[in-house]
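show me how the following folds:
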Amino acid sequence: MLARENSNDFNSQISLFAKKISKCHFLCLTLKVKLPEVVFSLKTWPLGNRQKGEKKMQFKDIYGQEAVKQRLIKSVQENHMPHAQLFCGPQGAQKLALALAYAQYANCTNRTGDDSCGECPSCKKMATLMHPDLHFAFPIAKQDSKPSVCADYLKEWREMVTHHYPFTQEQWLDQIGAGNKQGMIYANESDEIIRALSSKSFEAAYKMMIIWLPETLNITCANKLLKEIEEPQGPTLFLLVSNSPDNVLGTIVSRTQRIEIPALDDESVYRFLKDRNPVATDEQIREVMKVAKGNLITAEGLLTGEADSQIYFDLFVKVMRAAYQRSSIKLMEWTKEVVDLGRKRQSLFLEYSQRMLRESFISNLKIPELNHMTDYETKFVAKFGPFINERNVAGLMDELEKAQRDIEQNVKDTMVFYDLALKITMFIKQ
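Sure thing, here's the model as predicted:
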């Protein structure tokens, strides 16, 4: 069990403790306790019954985010719209919805003081994503040796956005049959974007180019777009929507104005879940909210039982027990189970495992409000937590992060996971 530092001042104790675990990047304190952001984003599960009917992309249809809405509305009203904006923030915060509502509001011919009208010809075309001046770029996966561009998937994209929003990159790639391939905005997409924006607008005040997940831009594509983003032709707005702005090419980021979109507040998450799942009880919703921490996708996946959290939990428990027992047979059996998940779910499992390590480590502080876990996770961590301490947490995190990078770079998964299992065995009793 971790011992608290010898100090009468609680905040000093926590601050000293935080310095030891800075590598885990989840506890940043300056004379205050700041709750850690839960790094748990269940990115992929079958869409199944998530279809909720056609979505409208007006500001009034977006949960919470009032400050961001007002900033966007004000920029249109004052005609001070930066030509390139980077909508960035955590997954499940409705960034794409805000970008679409903004695009619709800017081109609405009968806008009000706080929203687009929803009825003019421009709004109706925007709502179906079929406006001739609305363009998209998003990650896809080549199915064969032929060049692929986003226009080949516009039908599926419109269906996904209007009927299955919110969604993750992995869910999108599953929808277009990408298999285990990594999504990317390929090099030849830059020619399509430049061509689409080179002509005059058909009927709107502004041509809109929405790039979803610019962190997936091929480096050649990104470089070819630099001049276009810096000096667009005619009245054009680039709206980039990113989950990981630090992974976007720096020369692109420097040409944009950042729009920081925070995780949703609990009340907005509650309303979202209640509206979409009216039969869910308050207790069920509150339990999900503890883990989701403002991520609508994670929240709904957990509530509807479509997420893989239980599978990941079982695998996490299994490898930790096998490592503690130093059972090579059980570790090999575990490796085979994880290999059967496929690369996308392997990456998600590793992300889940990193969260569980953080939760286990911080549980030693004995401050329940700092932990965000389900009941079954809490019960396990109550016994497991003392084994994750300042001597081994950084090493374990390094190995999990390395394994995740290897999986995403298509290193042979059997080798990655058996090596990881052996490394966990080395660290777990330190």
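
let me see the contact set for residue 320.
384, 387, 424, 428 (C-beta atoms under 8 Å, 6 or more residues apart in numbering). For every residue, glycine as well, the C-beta is placed using N, CA and C.

which pair of these spans the longest distance?
The most widely separated members of these are 384 and 424, with 12.6 Å between them, by C-beta to C-beta.

how about residues contacting stretch 283-290?
266, 269-270, 273-274, 277, 299, 302-303, 372-375.

go through the residues you listed and flag which are in helices.
Here DSSP state H is the test, and the contacts of stretch 283-290 give 266, 269, 270, 273, 274, 299, 302, 303, 375 as lying in helices.

tell me the buried residues within those.
266, 269, 270, 273, 299, 302, 303 (16 or more other C-beta atoms under 10 Å).

just the residues you listed now: which is nearest residue 259?
Of these, the one sitting nearest to residue 259 (C-beta to C-beta) turns out to be residue 269, at 20.6 Å.

contacting residues around the closest one?
Contacts of residue 269 (C-beta under 8 Å, 6+ apart): 63, 289, 292, 294, 296, 299.

from the chain's centre, how far out does stretch 294-309 sit?
Between the centre of stretch 294-309 and the centre of its chain there are 13 Å (C-alpha atoms, centre = their mean, to the nearest Å).

name the spans of the stretch 101-250 of the chain whose pLDDT lies under the cut-off.
Filtered on pLDDT under 70, the stretch 101-250 of the chain yields the residue ranges 145-147, 180.

what are the ranges of the helices in it?
121-127, 154-164, 169-175, 189-198, 219-230, 250-253 (DSSP state H, counting those that start in this stretch).

could you dump the ones you listed into CSV with distance to residue 346 and mean neighbour count added?
As requested, the helices of the stretch 101-250 of the chain are exported to CSV (distance: least, C-beta to C-beta, whole Å; neighbours: other C-beta atoms under 10 Å):
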stretch, distance to residue 346, mean neighbour count
helix 121-127, 38, 19
helix 154-164, 24, 16
helix 169-175, 12, 20
helix 189-198, 28, 17
helix 219-230, 25, 17
helix 250-253, 29, 16
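
residue 85: what secondary structure?
strand (DSSP: H, G, I helix; E, B strand; the rest coil).

right, and it touches residue 238 too?
Yes - Residue 85 is within contact range of residue 238, at 7.1 Å (criterion: C-beta atoms under 8 Å).

give me the common contacts of those two.
Common neighbours of residue 85 and residue 238 (C-beta under 8 Å, 6+ apart) are residue 256.

these two: which is more packed in?
Ranked by neighbour count (other C-beta atoms under 10 Å), residue 85 and residue 238 place residue 238 first, with 27 against 20.

so the more buried one bridges to which residues?
residue 84, residue 209 (DSSP bridges).

for it, give me its contacts.
83, 84, 85, 209, 211, 229, 232, 256.

list the contacts for the fifth one?
This points to residue 211. Applying C-beta under 8 Å, 6+ apart, the residues contacting residue 211 are 136, 137, 138, 185, 217, 238, 239, 240, 241.

quick one: which of those is nearest residue 158?
residue 136 (9.1 Å).

domain ranges for the chain, per the record?
Listed by automatic domain parsing, the domain ranges of the chain are 10-42+308-427, 51-260, 266-303.

any chance of the contacts of residue 320 in CSV with distance to residue 343, neighbour count and pLDDT as columns?
Compiled in CSV, these are given as follows (distance: C-beta to C-beta, whole Å; neighbours: other C-beta atoms under 10 Å; pLDDT from 0 to 100):
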residue, distance to residue 343, neighbour count, pLDDT
384, 27, 21, 90
387, 29, 17, 90
424, 20, 21, 93
428, 26, 20, 84
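
okay if I get the residues you listed as TSV plus distance to residue 69?
As requested, the contacts of residue 320 are arranged in TSV below (distance: C-beta to C-beta, whole Å):
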residue	distance to residue 69
384	43
387	46
424	45
428	48
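
sounds good, over and out.
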